[in-house]
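>>> please find the sequence and the predicted model below.
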Amino acid sequence: MALSSMTGFARSHGVCGSYAWAWELKSVNAKGLDVRLRLPPGWDAVETPARARAAEVTGVDPAAWPAEDGSVKVSAAWLIERAGFGKGYTGGHRGVAVSGKHTLALTNRGTGTTVALLALAREIRDGVRKVFDVDLHPEPVFVGCAL
């Protein structure tokens, strides 16, 4: 299976009392993770507590920078690494691993199978969800298989 890019997208929503919220995360070709907050006027202060929660969970402030459209970009690789899936991680999946050079790339070490690669991808996706409550979605088109 050939991969042409590395884009991920996630969306979630919820309700707290009389307030409803939604968030979206997007990572395009490993350039960063877009965090877009669409808030009513006067609610701009939500970004700081959200950033503080990420730092609390991980012990490290995420690398972040403002985007031209007002969103804040956070590295998808940062989320994956802080969730425990660093470079070279195999998770016991035979023949496959997170790349030793880049956290967003999964590699076949020569003896891996599609089943093993998908199992590793699922483990990483589920681990990021557990730590950050963020769902990562791969961009590659899967043919004959799914996460």
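Sure, I can see it.

>>> when you work out contacts or count neighbours from here on, use the C-alpha atoms and nothing else.
Will do.

>>> what sits up against the longest helix seen in the chain?
Scanning the chain for the helix with the most residues, using DSSP state H, yields helix 114-132. Helix 114-132 is contacted from outside by 54, 57, 79-80, 83-85, 90-91, 93-97, 106-108, 134-137, 146-147, using C-alpha atoms under 8 Å, 6 or more residues apart in numbering.

>>> show me which of these are buried.
Buried residues within the contacts of helix 114-132, counting neighbours by 16 or more other C-alpha atoms under 10 Å: 54, 79-80, 83, 85, 90, 93-94, 96-97, 106-108, 134-137.

>>> ranges for the helices of the chain?
47-58, 76-82, 114-132.

>>> just the CA atoms of stretch 76-86, as CSV, please.
What follows is stretch 76-86 as a C-alpha-only set of coordinates in CSV (Å, rounded to 0.1, in the frame of the first residue of the first chain):
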residue,chain,number,x,y,z
ALA,A,76,0.6,16.1,15.6
ALA,A,77,4.0,14.4,16.2
TRP,A,78,4.1,16.1,19.6
LEU,A,79,0.8,14.6,20.5
ILE,A,80,1.9,11.1,19.4
GLU,A,81,5.2,11.3,21.2
ARG,A,82,3.7,12.6,24.4
ALA,A,83,1.1,9.8,24.3
GLY,A,84,4.0,7.4,24.5
PHE,A,85,4.7,6.5,20.9
GLY,A,86,8.2,7.8,20.2
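
>>> what is the rounded mean pLDDT of that stretch?
Throughout stretch 76-86, pLDDT has a mean value of 86.

>>> which helix or strand in this structure has the lowest average pLDDT?
Ranking every helix and strand in the chain by mean pLDDT, DSSP states H and E puts strand 33-36 at the bottom, with a mean of 47.

>>> can you tell me the distance between the two ends of stretch 127-147?
Between the opening and closing residues of stretch 127-147 there is a gap of 14 Å (C-alpha to C-alpha, to the nearest Å).
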